[in-house]
Structures are given as structure tokens and as C-alpha cells.
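Asks: let's see this in three dimensions:
(2 chains)
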Amino acid sequence: MHRYIWLVPLLPLAGAAINGLLGRKFRFSEKLIGGIAAGSIALSFLITVAAVYSYTFGSQAMWPQTYVTSQDGNSFTWIPGGAVRLTQGSEQRTSIKLQEEAEKKRASLPPEQRNEPILVGGVSDSSQGSVLNVEWSYQLDALSSIFMLIVTGVGLCIFVFATGYMHGDPGFYRFFAYMGLFMFSMLVLVMGSNFLMMFVGWEGVGLCSYLLIGYYFDRQEAANASRKAFITNRIGDFGFALAIFAVIATFGTSQYTGVFAQARNYPLEPLGHWGLLSWIALGLFIGACGKSAQLPLHVWLPDAMAGPTPVSALIHAATMVTAGLYMVTRTNVIFQHSQTMMMVVALVGAATALFAATIGITQNDIKKVLAYSTVSQLGFMFMACGVGAFAIGIFHVMTHAFFKALMFLGAGSVIHGMHHEQDMRRMGGLKKYMPITYLTFMAGWLAICGIPPFSGFWSKDEILWNAASTRHIPVGWIVWIVGVIAATCTAFYMTRLMAMTFWGKEKFLDPPAGGEADEAHASAFDKGLTMHDAKLKSAGDRPRHEPGEHVGHVDHHVHIPHESPRSMWVPLAVLAVLATIGGFVGISTAFTGGKHIGGRMNIVTFLDPIIWNPATSYFGSHEIVDSYGKPLEGTVEMHAVLGTAELQVPEVPPPYGTEGFNLAGAIESKVHNETGTEWVFMAISVLVAGLGIGLGFLFYVKDTSLPEIWATRLRPLYQASYNKYWVDEFYGWAVTRRVMDAARGVFAFDSKVVDGAVNGSAWLTRFSSRVTGITDQYFVDGVVNAVAAFVMRLMSPLFRAAQTGFTQNYAFVMVLGLVAALGMIFGADILGWFKR
Amino acid sequence: MFKVFIPTLALLFQEANTGRWAVIWQKAQHPDLSKFLIFGALLFIIGVAGVLTRRNIIVIFMSIELILNAANLNFIAMSRYLQDTGNVNAVAGQIFTVFVIVVAAAEAAIGLGIVIALYRNKETILIDEIDILKW
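Replies: Below is the predicted model:
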């Protein structure tokens, strides 16, 4: 079945094409559009499930090897032949060795076959040589399997939700065309078998994100947000593109199989040493920062909430923003070669996690809170990658996709039920009105806070444990402390969100008091922000107000919230189940006696073949589990081993050295028990989650005056958090203003210097033409006239005399002419006669 | 009877082939081109001399007609000569002659009209008194 994975991205594309090209012309009904869109995703999901099952467990299972569609012989060259010379890099021995091997093989072949490419070390030698052929083929391995399942599975839930949420929108077909296109791009991103295909998907999802954030393009805020997202992503893409060029220049191919097989043998670059792979990793990480909203480039993601809520759930929480994680994990062999970049990744991730979590505490827009929460969770994932726990990072991607998509959809349900209100200060007590949304949201809340046994606990605890016990970087303990604080904040602001939305007083019943919330609401309303996404044209169910009318007095219409329709709560329920039990695929080894149980069903074991092991310099923990480099020997025996026995993780410390303080190591030396140490850290993470939740209860349920008091006491901190640390303002001052100044300067240069030069040359032309004209008129014409007058005076008597007026004179001249002509023609003959 | 008749017939045939009338007939069938050309040239020269020397416009017209007819004669002669030498389709000269006659007639009509107009204005048709076209 895994031979049919090419259908997986194609089906959403076909659905998008049908909806986008025909939906408007033939006035498809909402049911038809939704059916085509969700149906194509459902089919994709089914094929994905079948393919992943067949890849992992089927009779022809290929795990842990990599399956690339071109393996079956039907390869399709996408970008044929560009000459690429292996000029970069100090280490070319791999390719040289492989080329020698190929030459040896070639010499042994009969002469007529010697021109054909030869397979050496799993890759064709033509990709090792000087010609770059980029093929369009899909790759199925552990990593792309997980991403395909997340993208199509969570995507299906969100598509179904969106058919309910977008009901009545005039651009229904457009929305689903964009969404389908997004699914296609995302699947190309995660399924592509080379860097260029990943780049195509990368740019494709960026484009779709832009289109969908700016879905309500007639709203200034949305249009600005979409541009902001696009431009911020371009900065990241610049680094990514440079990294791809460097990869191609270094390895002579863009195919993962080719690149990683060579990169595997490069020497490690220790801390502070900026080698080739460090620079490539830096470029890749800049790209990942842009796409996954890490610290310097995170500003676009909260603004992206201007898009419809299903878009926020699908693109800006569950799938697209994790593309950076996908890329870092995919290229983990490059990252792991550079200890410097590992540390950069870990520290940027940790900083982002804490930074965004502290902002999330003070935001009042429900979607903004979730957006900052997403940024924070993405920081956690990068933290995991940075400390070398790539599989755990992907595990957190998965659980986060479940619970964050669930919470975004829940928020969408709340917004829908609250008649398009997003400000949490006007909610409260919704559990009575929206019980299903409340229950499902609660699963997401517990998951993100990290309460066992909900899914978020398993992944977040593993991240913190790996941060504390890492031997990849020397500052794991800093990462751990930051992560713990961020986890506390996460639990706190999520409890705050629950309390303000679902518990407590039903504030939507209050007449507006004219306080800060109402003023904010009023001004937001004037800007058109709180209207329902879908009912922009009809301005929702409220009368529109003039700006300024709200100050001090607001018309208040009480709307009783209502539960959402079935098409909306069924996806919520599905995601709630996943958010609850989804974490068991990565159950902590502390519970299972230090082993990853479940064989291939365990996400860590499953992902093992794509994670490079610096200790052995092979992929996977076992030498035989090598999906990129060495051709597998004795495949049958290996399957027998893997089928019967659990994968043994050998205890070989990564060769990064042991400098720096290792927190877990320090504790372990006290308790002399690794599992016990893990229990300690697990207890700490549960404790901080409980602490956060407790504080949240205290502030927003027990004593609701406390937030005011503490906001006043910690006024500077509160202001900083409330204003998002003024990052937008700083960028506005440092980048936007400077760019605008530069633009104005260039414009001034253009209008003054360039236009001046052009106008000056025009003046010069006019001046010189005037000079020429005068010269012509007085000098040239004068000469001509003088000559003419002279000739006239001289010749006129002669010609006048010729004009006698007597007809016969003219006739005589004619006859003379005739005689002359005859003389010219026959003169010689006549003379001949006379001579004779 | 045959002694008389056959020689007579033979004589007649001989006469028909080589006799004086036969020669005349044959020469009429195949005229000598040069004579026509010489005649045409004479006509032309007479016409030109008339045009150059005579004062009366009418006579000048007549001289012009002579020139045209000299040309016509050349056309006819050449046409006949070409036919005689084997090109039976050489009729262009004859057709051309017809055109020349037509044009000459038209020209004569217009010319005489001009002459009458001239006479009405200047009471003369002597060409050396009509020199106002030079102005």
C-alpha cells in the first residue's frame, strides 16, 4: 500500500482545484464544497493510515528503511541536470570513496553498460558526480509517516469543524480551496524526498498561510497580519534557501538519502567551532525560526490570529508551524554535528518558551492567549531538539497538534457560541451553556498543563527530563530551569483562560460598565475585530456604531451563548480523545522499567531510524537500524530481531565531552538510580503544573480581586507582558521605520537626483536644439539662399533666352534631340558607312 | 489530244510557277520591307519639315498626321514582314495602328477646337504670332 502514497498529496490538491476553479462558476452548495474538501482529506487520511501500516507492520514492511517512490523504478526527474561541482567542504572523502567504488564496479561491467549510473552505498553514483538531477518523489519513513498522520488526521477534524464554522460565508468555496491547497503543500513538505521539494512545500504553506490569514482581506487588520506573516517568513526562508544551496554545493545532491549518507561521516564540530555543517545548520535554523515563530521572528504568529479560527487551528497551531520542527528533525544529522547549533537551538527554544508563556498570562483575547501558548509550546519542541531528543520533539509536535488544535477549535466554538466575541473579559460561566465544548476544552487544558495521564504530560515531561539529562550541550540545566518556569506559566495562563471563559460569573449578562474591557471592546468593535469572521458583510447581529459612540455608553444586547452544531463538536470530541490518550505512544521509560515498550508502536522506537547517533555515527541506536547510510545486511534476520525482541538502546554516551553541569547526572550520583532520578524530575514537572493550576485557581476563581492587586504591585512586569515586551514596537522602530526612512530617502534620491538628471538632460536637449535651430535658420539657410541667388543671377538670362515662345523652336529642339538620340544609337553604323 | 493538252497544262503550270505574273503575285505576297521603311522615313521627314517650317496651324496638324501615318506605315510593314517570316500571330502592329488612328482623330478634334478658340480670341492661326505660353 505504501506504493500509493503519491495519492496522499494529490487528493487534497484535486479537491482544492475542483472547489477553487468550479465552485464559484457552478455555484456549488456548501454541502458539496465541504463534502469535496473533507472527503478528499478523509481519503488522504485513509491512504495514509494504510500506507503507514503497510510500511510499518505489513507483510512487506520496510521500516526501519526508507521508502522513496523512485525506488520502484518509476522516477520522475523534476529539475534535470545542472552542473554542480563538489567544491565546498573539507571532507570529500565520502563522495570520493563512493566514486572510486563506482569506478571499480563500472570496470567490471560489460562495456555496453558502462555509461549507466551505478548504485553505490544505496545511492546512484550519478548523484555523487557533477550533475544535479532533482527528482519529484515522495519519501516514506518514520518521520514523514508521523507528520502525514498528523496533517491528514488532525486536518480532517479541522476540515469537518470548518464546514460548520464557516457556514454562511460568501467565500466558502475560496476558503476550502485555500485549505486544500495548504494540505497539498504541507504534504509535499513532509513527504518530499529532497530539500527542494521541502522548499516547494515550505513556500507553498507560506503562501497558503498568507492567503488564509488575509482571508478577510477587506479588513485592514487581517490584510496587515497576512503581509506581516509573509514578510517575516521571507526572512527565515532566506536562511533556508542559503542552507539548501550550501547542501547542494557540499554534497552534490539534494536527495535526503544522498545528503545524509555523506553527512554521516563528517567530523563533529564542537562548541565554538564554526565548520561547514554549523553554517548549514544555522541557515536551516533561521528558516525554522521563521516558520515556527521562534524568538526573533515570532511576531507574525499572534497577528496571524486574524484569520478564521479553523485556519488558526490547522495552520498556526497543528501543522504549518511545526514544519520547522520537521525540518530540524529531518536534518538532525547536520544539527547534531554542530554542538554550537544544538545549543543555539536549545537556548532559542527555551527563551521562546518562557517569553511567550509570560506574554500569554496577560492577554485578554482568547485566540491571542492560544497563539502565545503555541509559540511557547513550539519553544518547548525546539528545546527538545536542542538537547538531542529529536524524537521527543516530534512526540510533542504530535501531542501539541492534538491538544492545541482541540483548544483552537474549542475557542472557535466559544466564539461561535458567544456570537463572535473574542474578549475573555466578556465571557465566563460558559460551562452551563456549552457543556460539550467545556468538557473537550478541559481535556486540552489538562493536557497542556501536563497533568498525567493526559498526552501533554508525557511529551513535556520527557522534554524536561531530556533537558536535564542531556549530554549534547553543557547548559542543559539552564534549559531545564527555563522550561520548568515556562511550564508553570503555561499551567497558570491556561487555568486563567479556563476560569475566565468557562467558570465564574456570566459576564456577558452584565451591562457594560464602561471600564477598560468595554473600552477595549468598543474600540475593537469599531475596528471591526469582534465581528464574526464569517459574517463580515452583514456585520453580524449587532447594529454598527460610529467610532467614539461607545465611550461611556455602549448599546448592550444580551446574547445567550449556545452550544455549537454537531459538525463542530464531533471533531472536538475526537480531538479530545486523542489529547487524552495520545500520549501513551510515548510513555515514559520510568514507567516501563527503563525500556521503550510497544516495539514500533512506541514513537521513540519508531522514530529511531531517522535519528543520527553521534556515538556510532550511524542512524538509529543500532548499527543495523540504518535507514540512510549503510545498505542493510541480512534484512530478514533484522526483522526477526525487531519483531521478537525489543530494540536495545546501547549505553554509549555521545562524544561531545562532559564539560558543563549535568543536573540529572548530579542527582543520579546522589540517588544511584536512573529510574529514580527520572521519577524525581517527573514529580517536579507534575508539581509545577499543579502549582500553576493552583495559582490560577487562586487568582481567577477563589479571589478575583487578586489579579488587579498583583498587576498593580508588579506594574512594570505587567505592562511589559501586556504589551508583549514591546517587540512589535521595537521592530516598528528599528526595522519598519528604518526601512520606511530608507524608502523615503531612495524616493527623495529618485525625485531629486534621478528625476533632476532626467529633467536636466531634457533641458539640455531643448537648449541645444534651440542653438541648432538658430544655426540652421541663419547660417545654413543663408548659405543655401546665397548659392541659389548666385546661380539664379548667373543662369537665368541663358535659360530665359531659350524660352522664345515660338512653338516651332521647341519642335526644332525636339527634332534635334531625336537626331542626337538616333546619332547615339546608330552613329557608329553611319560612320562605318562613310568609312567604307 | 494528250499531245496538246498535257504540254499546255505543263506550260501553264510552269507559267504559274515561274512566269512574270507569278513573280508579281509572289512579290505581292512577299513585299520588300525596305521599300516600305524608306517610304515611311520619307513621309516622316516631310511631316517633320512641315511642322518645323509652316506657320499655319492647320498645315502643322496635317504634317503631324503625316508623321503619325509614317509611323503607322512602319507598324503595318513590320507586322506583315513578321507574318511573312513565319510568325502568323504578329498582329500587334496592326492593332497598334488602329489605336494610333483613333488617337490621331481625337487629337485632331481637340486641336481643331483649340484652333477655333484661338482664332476667336486672337483672330489669327499663324503660329509665330501665338507665343503667349512662354509667360
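
Asks: ok, the nearest residue to A:Asp608 once chain neighbours are set aside - how many residues close by?
Replies: Computed as C-beta to C-beta, 6 or more residues apart in numbering or on different chains, the closest residue to A:Asp608 that is not its neighbour in sequence is A:Gly620, at 4.9 Å. Placement of C-beta: from N, CA and C, glycine included. Other residues near A:Gly620 number 24, with proximity taken as other C-beta atoms under 10 Å in any protein chain shown.

Asks: and A:Gly192, by the same measure?
Replies: The burial count assigned to A:Gly192 is 26, neighbours taken as other C-beta under 10 Å.

Asks: which residue comes closest to it once chain neighbours are left out?
Replies: Once chain neighbours are set aside, the closest to A:Gly192 by C-beta to C-beta, 6+ apart is A:Met198, at 5.0 Å.

Asks: per the record, what domains does the chain have?
Replies: You didn't say which chain, so I picked chain A. A:2-61+A:137-511+A:556-601, A:86-129, A:725-797, A:804-836 (automatic domain parsing).

Asks: um, chain B though
Replies: The record assigns chain B these domain ranges, following automatic domain parsing: B:1-30, B:33-134.

Asks: for the helix or strand where the residue nearest to A:Gly192 lies, packing partners?
Replies: Taking DSSP states H and E as the criterion, A:Met198 maps to helix A:195-213. Using 3 or more C-beta pairs under 8 Å, 6 or more residues apart in numbering or on different chains; DSSP states H and E as the contact criterion, the neighbours of helix A:195-213 among helices and strands are strand A:77-83, helix A:172-191, helix A:220-251, helix A:276-291, helix A:323-330.

Asks: follow-up on the earlier one: go ahead and confirm the residue nearest to A:Gly192 touches A:Arg330.
Replies: Yes - with contact taken as C-beta atoms under 8 Å, A:Met198 and A:Arg330 are classed as touching, separated by 7.4 Å.

Asks: in the chain, which residue is most central in space?
Replies: Let's take chain A. Note on chain A: the residue nearest the mean C-alpha position is A:Lys291, at 3.9 Å, using C-alpha atoms, centre = their mean.

Asks: correction: the question concerned chain B.
Replies: Residue closest to the mean C-alpha point of chain B, counted by C-alpha atoms, centre = their mean, is B:Leu73 at 3.0 Å.

Asks: buried ones in the helix or strand where it lies, by neighbour count?
Replies: Following DSSP H and E, one finds B:Leu73 within helix B:57-84. Across helix B:57-84, burial judged by 16 or more other C-beta atoms under 10 Å in any protein chain shown covers B:57, B:60-61, B:63-82.

Asks: compute the inter-axis angle for the helix or strand that that helix is followed by and helix B:57-84.
Replies: Using DSSP H and E, the helix or strand that directly follows helix B:57-84 along the chain is helix B:92-122. Here helix B:92-122 runs at 180 degrees with respect to helix B:57-84, directions being taken by axes from the mean of the first three to the mean of the last three C-alpha atoms, to 10 degrees.

Asks: can you report how many residues lie near B:Glu15?
Replies: Applying other C-beta under 10 Å, we find 12 residues neighbouring B:Glu15.

Asks: contacts only, for it.
Replies: Contacts of B:Glu15 were listed using C-beta atoms under 8 Å, 6 or more residues apart in numbering or on different chains, and they are B:21-22.

Asks: now it: which helix or strand?
Replies: In the assignment (DSSP H and E), B:Glu15 maps to helix B:2-18.

Asks: centre of the chain to that helix, how far?
Replies: Between the centre of helix B:2-18 and the centre of its chain there are 40 Å (C-alpha atoms, centre = their mean, to the nearest Å).

Asks: now stretch A:246-255
Replies: For stretch A:246-255, the separation from the chain centroid amounts to 22 Å (computed by C-alpha atoms, centre = their mean).

Asks: buried ones in that stretch?
Replies: By neighbour count, and taking 16+ other C-beta under 10 Å as the criterion, the buried residues in stretch A:246-255 are A:246-255.

Asks: CA-only coordinates of that stretch in PDB, if you can.
Replies: Written as PDB, here are the backbone C-alpha positions of stretch A:246-255 (Å, rounded to 0.1, in the frame of the first residue of the first chain):
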ATOM      1  CA  ALA A 246      25.100  25.100   0.700                       C
ATOM      2  CA  VAL A 247      23.800  21.500   1.000                       C
ATOM      3  CA  ILE A 248      23.800  21.100  -2.800                       C
ATOM      4  CA  ALA A 249      27.200  22.600  -3.200                       C
ATOM      5  CA  THR A 250      28.600  20.500  -0.500                       C
ATOM      6  CA  PHE A 251      27.000  17.100  -1.100                       C
ATOM      7  CA  GLY A 252      26.300  17.400  -4.800                       C
ATOM      8  CA  THR A 253      22.700  16.300  -4.400                       C
ATOM      9  CA  SER A 254      19.600  17.400  -2.700                       C
ATOM     10  CA  GLN A 255      18.100  14.000  -2.100                       C
END
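
Asks: quick check: mean pLDDT of it?
Replies: Confidence over stretch A:246-255 (mean pLDDT, whole number) is 84.

Asks: per-residue pLDDT, residue 105?
Replies: With no chain named, the answer covers chain A. At A:Lys105 the predicted local confidence, pLDDT, stands at 71.

Asks: um, chain B though
Replies: Confidence per residue is given as pLDDT, and for B:Ala105 that number is 94.

Asks: swap in A:Thr309?
Replies: Looking at A:Thr309, its pLDDT is 91.

Asks: that one contacts A:Gly410, doesn't it?
Replies: No - if you go by C-beta under 8 Å, A:Thr309 and A:Gly410 don't touch, sitting 9.7 Å apart.

Asks: how close does A:Gly657 get to A:Tyr326?
Replies: 29 Å (C-beta to C-beta, to the nearest Å).

Asks: compare these two (neighbour count), which wins?
Replies: More crowded of A:Gly657 and A:Tyr326, by other C-beta under 10 Å: A:Tyr326, with 28 against 13.

Asks: who's in contact with the more buried one?
Replies: Taking C-beta under 8 Å, 6+ apart as the criterion, A:Tyr326 is in contact with A:143, A:147, A:189-190, A:394, A:397.

Asks: how about A:Ala323?
Replies: A:186, A:189-190, A:201-202, A:205, A:288, A:291-292.

Asks: and of the residues you listed, the nearest to chain B?
Replies: If you rank those by distance to chain B using C-beta to the nearest C-beta, A:Gly201 comes first, at 85.7 Å.

Asks: how about the nearest residue to that closest one, chain neighbours excluded?
Replies: In space, not counting the residues next to it along the chain, A:Gly201 is nearest to A:Leu189; the distance is 2.7 Å by C-beta to C-beta, 6+ apart.

Asks: do the same with A:Val160
Replies: Taking C-beta to C-beta, 6+ apart as the measure, A:Val160 lies nearest to A:Pro571, with 4.9 Å between them; neighbours along the chain are not counted.

Asks: so that neighbour is in contact with A:Gly155, correct?
Replies: No - using C-beta under 8 Å as the test, A:Pro571 is too far from A:Gly155 to be in contact (10.5 Å).

Asks: sketch out the low-pLDDT regions of the chain for me.
Replies: No chain was given, so I picked chain A. Across chain A, the stretches falling below the confidence threshold (pLDDT under 70) are A:81-103, A:106, A:111-131, A:511-559, A:594, A:621-654.

Asks: nope, chain B
Replies: Of all residues in chain B, those with pLDDT under 70 make up the ranges B:1, B:135.
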